[in-house]
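*Asks:* got a structure for you, letters missing:
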């Protein structure tokens with residue numbers, strides 16, 4: 001996706017999108033610093049401006065391990081007052097666990113089986129990546 005297709009919005013608006021994706025605000029000042037419980041080595045720093053430059057947003061999206069298209073899906077599919085991360089996950093995914101600890105993750109929007117694993121990291125990747133690739137939109 002080219003820069004022209006990235007959304008222009010305030011740092012606060014982008015913060016709400018990332019919070020809905022599981023990122024937590026650590027501090028706010030001239031920049032909003034966010035961390036993710038499953039990516040502790042990554043910090044996102046969003047300028048707390050009325051409008052975040054598209055080049056800056058692209059770098060933030062990359063640091064969050066997302067594509068522009070995935071971010072656009074979340075940005076455009078949610079209102080400025082978004083649902084909590086937990087509610088979003090419950091809408092998107094159904095997880096079941098076998099007796100041996102193997103977990104199954106299924107998209108409730110398109111019905112695709114996403115994971116059959118014991119790895120929490122693989123489950124997190126599927127939860128993070130699938131909404132941007134889902135064949136059924138919200």
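*Replies:* Looks like it arrived, so ask away. Every value quoted in this text rests on a predicted model; they were computed, and no experiment measured them. Numbers count the residues shown, from 1 in each chain.
*Asks:* hey, where'd the helices end up in this protein?
*Replies:* 11-20, 54-63, 68-77, 85-92, 120-133 (DSSP state H).
*Asks:* which residues are in contact with the third one?
*Replies:* Identification of contacts with helix 68-77 by Cβ atoms under 8 Å, 6 or more residues apart in numbering yields 1, 5-7, 9, 14, 17, 20-21, 58, 61, 64, 128-129, 131-134, 137-138. Any C-beta I mention is one placed from the backbone N, CA and C, and that applies to glycine too.
*Asks:* neighbours around the nearest residue to residue 57 once chain neighbours are set aside, how many?
*Replies:* Of all residues not flanking residue 57 in the chain, residue 6 sits nearest, at 5.4 Å (Cβ to Cβ, 6 or more residues apart in numbering). By other Cβ atoms under 10 Å, the residues close to residue 6 number 20.
*Asks:* Contact partners for residue 6?
*Replies:* Here residue 6 is in contact with 54, 57, 58, 61, 68, 71, 72 (criterion: Cβ under 8 Å, 6+ apart).
*Asks:* May I see the residues you listed arranged in JSON lines, with pLDDT as well?
*Replies:* Below are the contacts of residue 6 laid out as JSON lines (pLDDT from 0 to 100):
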{"residue": "54", "pLDDT": "94"}
{"residue": "57", "pLDDT": "96"}
{"residue": "58", "pLDDT": "95"}
{"residue": "61", "pLDDT": "94"}
{"residue": "68", "pLDDT": "88"}
{"residue": "71", "pLDDT": "88"}
{"residue": "72", "pLDDT": "85"}
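*Asks:* State the distance from residue 65 to residue 11.
*Replies:* 20 Å (Cβ to Cβ, to the nearest Å).
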